[in-house]
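Colleague: Fold the following for me, if possible:
(one chain, ligands or ions: 1)
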Amino acid sequence: QPDESSKRRVAARALAFVEDGMRLGLGTGSTAQHFVELLAERVRGGLDVVGVPTSERTRLQAESLGIRLATLDDLPELDLTVDGADEFDPELRLIKGGGGALLREKIVASASARMIVIADSSKRVARLGGFPLPVEVNAFGLASTRRKVERAGEAAGARGSVSLRHGPDGSPYLTDGGHLILDCRFDPIPDPEALAERLVAIPGVVEHGLFIGLASAVVTDGDAGTLVVER
Ligand code: DER
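Modeller: Here you go, the predicted structure:
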């Protein structure tokens with residue numbers, strides 16, 4: 001089980017990619033939280049950056065720490081996004097969305113020249129799917145969309161059950177965008193590209209947690225400390 005020190009170590013290592021004057025995408029999740037904290041220390045030391053948060057949670061954290069914020073409307077193109085992941089494979093394909101922010105995370109990552117993923121060694125997998133794939137869906141026609149998502153998994157050779165994510169109070173989890181999340185236990189996912197194509201073809205699907213071709217590098221950790229895995 002990953003410890004906070006390992007998350008902090010990979011977050012600290014990612015700071016080396018941040019240069020003065022950069023327009024940054026700020027990720028979401030417990031590892032990204034460390035990055036935002038450490039970035040704020042550098043800002044207090046004079047680093048001049050502006051951040052576009054990938055969730056309300058990250059926006060509140062960055063704001064409280066005094067990091068200058070903007071939106072993608074102010075800054076349509078970013079230099080670098082630093083974000084976490086739930087899994088990464090040898091081709092740096094990711095599963096993201098454990099923290100429920102996958103839609104804004106993917107929009108921000110795809111607006112960035114580079115995306116550096118910060119993920120401790122527990123996220124490193126040979127094949128994606130051990131972590132349930134989050135799929136963000138519109139609430140309208142949920143039962144029908146859920147069935148189509150299950151069929152898309154089967155058609156892509158990734159069988160498994162699909163469940164609606166609930167929040168801590170027992171009600172259905174609502175994303176920042178007001179959508180629901182289906183967590184799909186497609187394990188393993190033999191062909192992530194094929195599954196991604198099938199999911200985006202479903203009208204009720206807003207976005208899915210497969211990030212393919214977006215990560216430029218992953219900062220992870222091993223016995224000898226942190227290491228950067230390039231694509
Ligand atoms: O929700 C997300 O995509 C997060 O980045 C998640 O994938 C990683 O969160 P963690 O750093 O708390 O494991």
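Colleague: List the buried residues for stretch 122-138?
Modeller: Within stretch 122-138, the residues scored as buried using 16 or more other C-beta atoms under 10 Å are Lys123, Arg124, Val125, Leu128, Gly129, Phe131, Pro132, Leu133, Pro134, Val135, Glu136, Val137. Placement of C-beta: from N, CA and C, glycine included.
Colleague: Can you confirm whether stretch 110-128 lies near the ligand?
Modeller: No. Using C-beta under 6 Å from any ligand atom, stretch 110-128 never reaches the ligand; the gap is at least 7.0 Å.
Colleague: Pull the contacting residues for the spatially most central residue of the chain.
Modeller: Residue closest to the mean C-alpha point of the chain, counted by C-alpha atoms, centre = their mean, is Lys96 at 4.0 Å. Listed by C-beta atoms under 8 Å, 6 or more residues apart in numbering, the contact partners of Lys96 are Asp83, Gly84, Ala85, Asp86, Leu102, Glu105, Lys106, Pro134, Gly209, Phe211.
Colleague: Likewise for Pro132?
Modeller: Counting by C-beta under 8 Å, 6+ apart, Pro132 has contacts Asp183, Cys184, Arg185, Phe186, Asp187.
Colleague: change it to 10 Å
Modeller: Neighbouring residues of Pro132 by C-beta atoms under 10 Å, 6 or more residues apart in numbering: 86, 95, 97-98, 160-163, 165, 181-187, 209.
Colleague: and the ligand, which of the contacts of Lys96 contact it?
Modeller: Answer for those near the ligand (C-beta under 6 Å from any ligand atom): Asp83, Gly84, Ala85, Asp86, Leu102, Glu105.
Colleague: quick one, phi psi at the third one?
Modeller: Dihedral angles of Ala85 (phi, psi; degrees, to the nearest 10) stand at phi -160, psi 160.
Colleague: now the second one
Modeller: Main-chain torsions, Gly84, degrees, to the nearest 10: phi -90, psi -170.
Colleague: any idea of the pLDDT on it?
Modeller: We have a pLDDT of 98 for Gly84.
Colleague: my guess is it meets Val36, correct?
Modeller: No. Gly84 is beyond contact range of Val36, at 11.1 Å (criterion: C-beta atoms under 10 Å).
Colleague: Overlap in contacts, the two.
Modeller: Ala11, Gly27, Thr28.
Colleague: the more surrounded of Gly84 and Val36?
Modeller: Legend: neighbour count by other C-beta atoms under 10 Å for Gly84 and Val36, higher for Gly84 (29 against 22).
Colleague: who touches the more buried one in this structure?
Modeller: 7, 10-11, 27-35, 54, 94, 96, 98-99, 101, 105, 117-120, 123.
Colleague: All set, thanks.
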